[in-house]
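Colleague: Please find the sequence and the predicted model below.
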Amino acid sequence: MLLWRDVKCVFVPPRSIPGTAPEEVSSKRRRGRKPKLAPPQPNVALNEERTEGNADGTASESVPQPESSIPGTAPEEVSSKRRRGRKPKLAPPQPNDALNEERTEGNADGTASESVPQPESSIPGTAPEEVSSKRRRRRKPKLAPPQPNDARNEERTEGNADGTASESVPQPESSSVSKRKERSYPRRPDSGGTLGQAVAVQVNCWDFEISGVPVHTYDIEPVKVIGDKSGTLKLTDTKLRSFLKEVINGNRTDVFYDGGRLLYSLSPLRGVNSSTVTFRECVPDPFEREGLTLEYNITKKYSLSASQIYEYVNNETANTNDIPQDAVKMVNCLLKWVTREIFVNIGKSALFYPKPLNSSPSDLYVIHSGFTCSVRPQWKVRLNVDTVCKAFFPAGNLADILFAKYEMSMYLRKNWQEMANDINGLRVEASHYKTKEGKSYKRQYTVFGLSKCTSADEKIPDLNMSVETYFKATYDLDLKYPDLPCVKVRKDKEVYIPMELLTVLPYQNTTATKAEVVSAIIKEASVDPSKRFNTLDTFLTEFTQNRHRLLSRFKVNIPQRRPLTVRARELPQPTGKFWAAPKSLGRGKWWPEKFNTAAPESVTWAVFATPPYTEGTNDIRDVCKTLPAVASKCGVKLARGPIFAQPVERARLSEKFNVAKTKGVKLLIFLLHEGEGYAEIKRLGDLYTGLVTQCIKSQTMRQKNFFSVLRNVMLKINGKLGGTNWLVTELKENKLFKNLARKKLVMVMGADVTHLPQSGHNGTARKSVAAVTASITGDLMQYVAIVRQQNRNENVNKEVREVIEGMDGIVADLLKVFRKRNNELPSKIIFYRDGVSEGQFATVLHDELAAIQRACSTAYSGYEPGITFIVVQKHHHIRFKPIDSSENVQAGTVVDTEITHRYGFDFYLCSQEGMQGTSRPAHYQVLYDDNDWSSDSLQCFTYFLCHTYMRCCRSVSYPAPTYYAHLAAFRAREWLKEAQSVDSLLANNRFKVNPNLQDRMFFL
C-alpha cells in the first residue's frame, strides 16, 4: 500500500498563500528592495487521481517568518581594517546529482522553530531607538542591506504530470530579522586570539558532505481516525501521529518525516500544492478490533536544498542570524530517519539504543545510552556527534516492577499512596480483552492512582461483584495477587484493572527523584575524553556502513573518519590577592587563604537543627565548637558563642526567626535533615526578616574532613555578610581594556531566565522567573540581584518568554545602587546573557539591548556607556580532547577558529578543571560591542571573571555574574515552593527582597 497513490481525496478550500503582501509597505522600506509579487491562486483539478494537501503550513512549534535577505548578499560595507586576517572562502558547495529534476530552491528560514514574526514597521538595520549624536560619533550607522532580486527570490513553477504548469510554490520565508529593528552583529575584530600557550585538541566534529538535491517540504497533519464500528475515535495528538508514522513508514517513495508536521520528499508529490486537501487511508488497528481509516491533510510549503548551508558558510557577510535553519533542520531530520532501524528516536535529536545500559528496577528507572548528531555550519559544514544518557521508567509488567522496589511491603496499605505516586501518569497496556468472536486485542490507558481496596474487596457497583470475581467471570482469569490494590485507569470514573494485567510501555519519563536520577546518569555518562571519543567512533562506523537509499540519493559522505583537530590556546592565569601579597591563582583551583576583606563587624549567630533528628544535638555541638575557629582562620569575627543552639520544629521556624531578630542575631545556621525546610527558611530569611541564613545538610556533617567543610561554608557566609574572599588583580586594575583609565569603573552584568516545570498555587509557578545581577564594586567581586516573575505563562511561545520583561527598570535600579556605592556611574557595561538559543538572538538583542540603552539615557541625561552584549551557551554538544592525553583539556583552553562562525565574533572557552567525565566548554557569541574588544582581551576578561565566583576556590564553567543570575533565579523558585500567597511575595512582579539584603549577595 502506497501513500499518495490511488487515494480518493476530499478537497478543502485553499487558505491564504504565503508571500502575499499583508499591507502596503512605505517608500522608505522599498528603497533597496524589489517588491515580491503575490503568487497566483491555485486552480486545483478535483478530478485528478492524486490530489493531496495539508493544514496551515507551519511546523509543529514554529511560526512562519517574514522574508528577509538571501544569504550571499552584503548587509553592509566592510572596512579594510576588518578584512585583514580573513581567510579565503571555502570551495563551492556540492553540485546537484543528475536526477533530471527541476532545481527548486528556497530561501531558508534563518530562525529557530520558536521564533515570532515581528511587525512590518521595523526597518532592517535601524536602531531600536534614537541614538544621540555622542553615540553616533563613536560608531557609524549601519545601512539597511539591499535586497537582491536573485533567481532564488523568484516564485517557482512546478510542472504537473501532464506537462502543464501548476501553481507557483512559495519558497521558505527567510529570517524574521529584516522585519524587525535589526542590529548587525559585530565581526571578529582580528584573525583570532594569539595570547597563551598554543596546543592542539580534537573536537567531536567531522567534515560532512551532502549534495544539493532539491527537497520538497510539506506540512502534514493527522485529523482523525474513524473506526468501522465505533466512528471517530477519541485520541491524543501523540496517538494520532503514531498512526501517521505507520502510514509514512509503509510508503516506499523517497520521503522522510520529522515526527511532527514536516514531511520531506525528493520528488514532488503529484497533485499536492499550497492548497490544503484531505486524504483518507486505511490503517491497521493495533488492537485488532475493527477496520480503521486515518484522515490527514497535506500542504506544499516550499522547496529547499542542503546547498543553502554551504552558501551560508561561504558568505562573508552572513552572521548567526542568517543560518538557514530550515535546511539544517531538514538534514538533521534525514540523519534521524535513516538510523531509525538501529536506534530509538526520542526528542528532537537524540538516538538511543533499545537495550538499557543498566537497570535499577528497585529505584524505578533504567538508563539508556545513545547519541545526538546534528549538522553545524562552522568554517565548513560539519557533523557534530556526542554521547547522551537518559533515564526511563522500566518497561514490563507493572506488578513485577513495583515488587522490585517494595517486595512484600506492597501488601501494606500504608505504602499504597507512595506506590500511586510512583506510577501516576504512566501509560500502560492491557491485553486481556476479547471480541465476541473470541479474538484477543489490547487497549492503552493512563494511570490515575490506585484503589483503596484490594482486587478481592473492591466492588463494582453496577454488578455487585468484586473486581477479582468480575475478571474470573468475564475473562476466565484467576488473579495471582488478589490482595494487591487495583489501578485506576479513568480520571473521571472509578474504572479499575488489576495491576498484574497491565504492562508499562517503554521510554517514559521516570518518576524517581531528580537527585537520584541525576546522580545515576552522571555516573554512567561521566567517561574520560578518550573513552568518549572511542564511543563516537563506534557510532560513525555504524553510520557510514548504513546503506539506506536516502543516503545514496543525497550522496552523504564523511571523508575523514578521524575527529577534527583544531588549534587551541591555554590562556594565562590571573593573579589573586587574599590577605597577603598577590600571587598567581592555580589553574582551575587554588587553596583558600585568609580573606581579602572579612565581614565588617563582629557577627552574632545562632544554630538550629530542623526538623529535630537523632544526630541533631551532636551536630549542633560540633558546629558550635569548630565554626568559630574556622572563622578566625579566615579573618571573620564571629561571636564567641551562638545566641541559640537547639533543635526546632518546622512549625516554629517563623517564631524563631522573629525572636532571633529581636535579639540582634545577624547569622542563622540551619542543620537540615535531608534538606527539609530549605524553601521555608530562605523565604523567611530573604524576604520577611532580612536575616542572613546558611543551611547545611545533615549528610554533609558526616563527611570526614569537617574542618574543610566548614571552611567552604565560610566562603558563602563571608560573601553574604558583605566581605570579599579574594580579588583578581587584572580585573581590579582594568588591565584588559583599551584606553581606559585605571580609576574608571566597569559594570559587569549577568542575566538568566528559568522556566518552572509544574503549576503551583493559583497556577503562578508556571510563570518564568528572570534574574539580573550587576557588579557594584570596581574589583568586580560584589554583586546585587533583581529577581522578577515574567508575565507570560509557559504555554506562550518560548522565544517570547525568554526576553526579560521590564529590563529598563531593572537596569535603572542597578545603576542607582552602583552610583550610591561608588559616587559615579560605570563607563562601560559588559552584559553576559545566559539561556538564549540561536533562533532567539535577534529578539533578545533587540529588546534587551534597547532596554539597557533606554535605562541609561532616561535615568541620567547624556549618559551613554560603552555596551558589550554577549550570549553564553552551555547547552551544546561540542567537546574537546587533548591530542596527546586521555585527560581533559586544561582550564583556560580557548578555541576561536574552525568550529566557530567563520567571520563572527565568537569563541569556545573551557574555564573549569575537569573533575569528572569530559569537560564541556562554554560558547560565547558577541552580539553587540561598543567597546572595541580584541579577541585576546575579551577571552582573558571572560576567563578571569570565571575566577571571581565566591562560593568555591575554583574557576567555574562560565562567568560569575551569569552564575549568580542563575542562582538568584533558582532561589526565587524556592521562595515560590509551598508559598501560601504568591502575591505577597511580589511588588510589580518583582520579588520583595528584604531591604536589609537587597544590596547584598543573598543568593550565594
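Modeller: Right, received. Where do you want to start?

Colleague: So, low pLDDT: which residues of the stretch 201-350 of the chain?
Modeller: Low-confidence segments of the stretch 201-350 of the chain (pLDDT under 70): 252, 288, 349.

Colleague: Which residue ranges of it form strands?
Modeller: 205-207, 215-227, 231-232, 255-257, 262-265, 277-283, 292-304, 344-346, 350-352 (DSSP state E, counting those that start in this stretch).

Colleague: Turn those into CSV, including mean neighbour count and distance to Lys589.
Modeller: Just so you know, the C-beta spots here come from the backbone N, C-alpha and C atoms, and that holds for glycine as well. Below are the strands of the stretch 201-350 of the chain laid out as CSV (neighbours: other Cβ atoms under 10 Å; distance: least, Cβ to Cβ, whole Å):
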stretch, mean neighbour count, distance to Lys589
strand 205-207, 19, 29
strand 215-227, 21, 50
strand 231-232, 10, 64
strand 255-257, 22, 48
strand 262-265, 22, 47
strand 277-283, 19, 60
strand 292-304, 23, 49
strand 344-346, 16, 37
strand 350-352, 21, 33
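
Colleague: Adding distance to Ser526, write these out as TSV.
Modeller: What follows is those, written out as TSV (distance: least, Cβ to Cβ, whole Å):
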stretch	distance to Ser526
strand 205-207	22
strand 215-227	39
strand 231-232	50
strand 255-257	34
strand 262-265	35
strand 277-283	44
strand 292-304	39
strand 344-346	21
strand 350-352	18
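
Colleague: for the residue nearest the centre of the chain, what are its contacts?
Modeller: The centroid of the chain falls nearest to His875 when counting by Cα atoms, centre = their mean (6.1 Å). Residues near His875 by Cβ atoms under 8 Å, 6 or more residues apart in numbering: Ser837.

Colleague: oh, and call the first residue 10 from now on, that's how I've got it
Modeller: In the new count, where the first residue is 10, that last one comes out as His884.

Colleague: That one: helix or strand, and which one exactly?
Modeller: Using DSSP states H and E, His884 sits within no helix or strand.

Colleague: Equivalent analysis for Arg830, please.
Modeller: Here Arg830 is assigned to helix 816-831, by DSSP H and E.

Colleague: Just give me how far that helix sits from the chain centre.
Modeller: In terms of Cα atoms, centre = their mean, to the nearest Å, the centre of helix 816-831 is found 29 Å from the chain centre.

Colleague: thinking again about what came up before, can you tell me which of the strands of the stretch 210-359 of the chain is nearest to Ser894?
Modeller: Taking Cβ to Cβ, strand 214-216 is the member of the strands of the stretch 210-359 of the chain nearest to Ser894, at 19.3 Å.

Colleague: what packs against that closest one?
Modeller: Applying 3 or more Cβ pairs under 8 Å, 6 or more residues apart in numbering; DSSP states H and E, one finds that strand 214-216 makes contact with strand 390-402, strand 573-579.

Colleague: now these as JSON lines including mean pLDDT, mean neighbour count and distance to His932?
Modeller: Shown next, in JSON lines, are these (pLDDT from 0 to 100; neighbours: other Cβ atoms under 10 Å; distance: least, Cβ to Cβ, whole Å):
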{"stretch": "strand 390-402", "mean pLDDT": "93", "mean neighbour count": "22", "distance to His932": "12"}
{"stretch": "strand 573-579", "mean pLDDT": "97", "mean neighbour count": "19", "distance to His932": "14"}
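
Colleague: could you dump those strands to TSV with distance to Thr606?
Modeller: Below are the helices and strands packed on strand 214-216 laid out as TSV (distance: least, Cβ to Cβ, whole Å):
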stretch	distance to Thr606
strand 390-402	43
strand 573-579	31
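
Colleague: And those strands: which comes nearest Phe666?
Modeller: Distance to Phe666, taken as Cβ to Cβ, is lowest for strand 390-402 among these, at 38.2 Å.

Colleague: Who are the contact partners of Arg596?
Modeller: Per Cβ under 8 Å, 6+ apart, neighbours of Arg596: 582, 899-901, 922.

Colleague: which intervals of the chain have sub-threshold pLDDT?
Modeller: Those would be 10-192, 261, 297, 358, 369-370, 747-751, 766-775, 801-810, if you go by pLDDT under 70 across the chain.

Colleague: can you list the domains in it?
Modeller: Under the assignment automatic domain parsing, the domains of the chain span 405-514, 607-729, 735-886+932-1000.

Colleague: from the ones you listed, which stretch is densest packed?
Modeller: Neighbour counts (mean count of other Cβ atoms under 10 Å) averaged over each of those peak at domain 735-886+932-1000, with a mean of 20.

Colleague: Report the distance from that domain to the chain centre.
Modeller: So, by Cα atoms, centre = their mean, the centroid of domain 735-886+932-1000 is 18 Å from its chain's centroid.

Colleague: related to what we said a few turns ago, of the strands of the stretch 210-359 of the chain, give the one that comes closest to Cys955.
Modeller: Using Cβ to Cβ, the nearest of the strands of the stretch 210-359 of the chain to Cys955 is strand 214-216, at 24.3 Å.

Colleague: ok, now how distant is Lys642 from Phe850?
Modeller: Between Lys642 and Phe850 the computed distance is 47 Å (Cβ to Cβ, to the nearest Å).

Colleague: actually Phe361, not the one I typed
Modeller: Here the criterion is Cβ to Cβ. By it, Phe361 lies 30 Å from Phe850.

Colleague: And the next helix or strand past the helix or strand containing Val616?
Modeller: Using DSSP H and E, Val616 sits within strand 614-619. Following strand 614-619 in sequence order, the next helix or strand is helix 625-643 (DSSP H and E).

Colleague: between that following helix and strand 614-619, how many degrees?
Modeller: Going by axes from the mean of the first three to the mean of the last three Cα atoms, to 10 degrees, helix 625-643 is angled at 150 degrees with respect to strand 614-619.

Colleague: now the helices for the stretch 760-909 of the chain?
Modeller: 807-811, 816-831, 850-853, 859-868 (DSSP state H, counting those that start in this stretch).

Colleague: so can I have CSV of those showing distance to Asn367?
Modeller: Listed next are those as CSV, based on distance: least, Cβ to Cβ, whole Å:
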stretch, distance to Asn367
helix 807-811, 33
helix 816-831, 46
helix 850-853, 39
helix 859-868, 49
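
Colleague: Ile838: which of those is closest?
Modeller: Ranking the helices of the stretch 760-909 of the chain by distance to Ile838, with Cβ to Cβ as the measure, places helix 859-868 first at 6.8 Å.

Colleague: elements contacting that closest one?
Modeller: helix 816-831, strand 837-843, strand 875-882.

Colleague: Need those in CSV (columns: distance to Met758).
Modeller: Formatted as CSV, the helices and strands packed on helix 859-868 follow (distance: least, Cβ to Cβ, whole Å):
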stretch, distance to Met758
helix 816-831, 7
strand 837-843, 5
strand 875-882, 10
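
Colleague: out of the ones you listed, nearest to Val397?
Modeller: That would be strand 875-882 among the helices and strands packed on helix 859-868, by Cβ to Cβ, at 17.3 Å.

Colleague: Which strands border that closest one, and is each parallel or antiparallel?
Modeller: Sheet pairing of strand 875-882 (DSSP bridges) gives strand 837-843 (parallel), strand 931-938 (antiparallel).

Colleague: Quick one, which of the ones you listed gets closest to Glu857.
Modeller: Smallest distance to Glu857 across the strands paired with strand 875-882 (Cβ to Cβ): 7.1 Å, for strand 837-843.

Colleague: Which residues does that closest one contact?
Modeller: 746, 749, 753, 755-761, 853, 857, 861, 865, 874-881, 883, 939-940, 950-951, 954, 967-968, 970-971, 974-975.

Colleague: ok, Met758 to Ala969 distance?
Modeller: Per Cβ to Cβ, Met758 is found 11 Å from Ala969.

Colleague: shared neighbours of the two, anything?
Modeller: Overlap of the contact sets of Met758 and Ala969 (by Cβ under 8 Å, 6+ apart) is empty.

Colleague: All the strands of the stretch 860-1009 of the chain, residue numbers only.
Modeller: Secondary structure of the stretch 860-1009 of the chain (DSSP E, counting those that start in this stretch): strands at 875-882, 889-891, 902-904, 915-919, 931-938, 995-996, 999-1000.
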